[in-house]
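# Dropping a prediction and its sequence here:
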Amino acid sequence: MSPDEVDSSEPPAPASVNSKASAAESPPPRTWSEGVKVTRKAPRIQRNPDLSEAEQLLKQSSYEQLQQLLKYQRFPRAIALVEGLAQRIPKDPEVRQWQAITYQRWGRYLIDQRELDKARIYLKKALRTDPHNRSLWLEIERDFRRMEKIF
């Protein structure tokens, strides 16, 4: 290959920079094969020492499933999942919190659908499930105010 030809398998050489400060701040040049891969770390769930390894794995996989169900507004399936998990791991406060949040999110969705009686049931159920969750109380208070404006 002559010096005038360009090899397309390699990235172009970076332009030289006169400033040493900016050269020190810029990352080293990459080759084309070094693509940037963005991965989302799985959120850390609390490790409950009372759970067996199998229960801990079940909790982690259920949490990941729950996140997907809530993301796509599959609330009845999310409720079934979290209620089943709460029956399997009844003493875990984090599971109870997920259950309450799922009820609250379903209630909020029902408000948007103008199913106010059903929404009220699920919002109250959320409060009964996790009564000491202050941020949940604030969200549900906001939901009830929205219902009052609609009614």
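Cool, the structure landed. Quantities reported herein were computed from a predicted structural model and do not represent experimental measurements. Numbers count the residues shown, from 1 in each chain.

# surely Ala86 meets Thr102?
No. Here Ala86 does not reach Thr102: they are 10.0 Å apart, not a contact under CB atoms under 8 Å. All C-beta spots, glycine's among them, are computed from the backbone N, C-alpha and C.

# Residues touching stretch 142-151, excluding its own?
Here stretch 142-151 makes contact (CB atoms under 8 Å, 6 or more residues apart in numbering) with 104, 107-108, 111, 114, 116, 119-120, 123.

# For ChimeraX, what selects the buried ones among these?
Selection of buried members from those for ChimeraX, criterion 16 or more other CB atoms under 10 Å:
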select :104,107,108,111,116,119,120,123
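
# now for the contacts of stretch 142-151, which pair is the farthest apart?
Pairwise distances across those peak at 17.6 Å for Gln104 and Arg114 (criterion: CB to CB).

# still on that earlier bit, settle it for me: which of Ala86 and Thr102 has more neighbours?
More crowded of Ala86 and Thr102, by other CB atoms under 10 Å: Thr102, with 24 against 17.

# check contacts around the more buried one.
Taking CB under 8 Å, 6+ apart, we find Thr102 in contact with 66, 70, 75, 78-79, 82.

# And Phe75, by the same measure?
69, 102, 105-106, 109.

# which among these gets closest to Ser61?
Nearest member of the contacts of Phe75 to Ser61, counting by CB to CB, is Leu69, at 12.6 Å.

# Need the contacts of stretch 142-151 in TSV (columns: secondary structure and pLDDT).
Shown next, in TSV, are the contacts of stretch 142-151 (DSSP: H, G, I helix; E, B strand; the rest coil; pLDDT from 0 to 100):
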residue	secondary structure	pLDDT
Gln104	helix	98
Gly107	helix	98
Arg108	helix	98
Ile111	helix	97
Arg114	coil	96
Leu116	helix	97
Ala119	helix	98
Arg120	helix	98
Leu123	helix	98
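
# dump the residue contacts of Arg74.
With contacts taken as CB under 8 Å, 6+ apart, Arg74 has no neighbouring residues.

# Please tell me how far it sits from Gln46.
Taking CB to CB, to the nearest Å as the measure, Arg74 falls 25 Å from Gln46.

# Arg88 too?
For Arg88 relative to Gln46 (CB to CB), the value is 16 Å.
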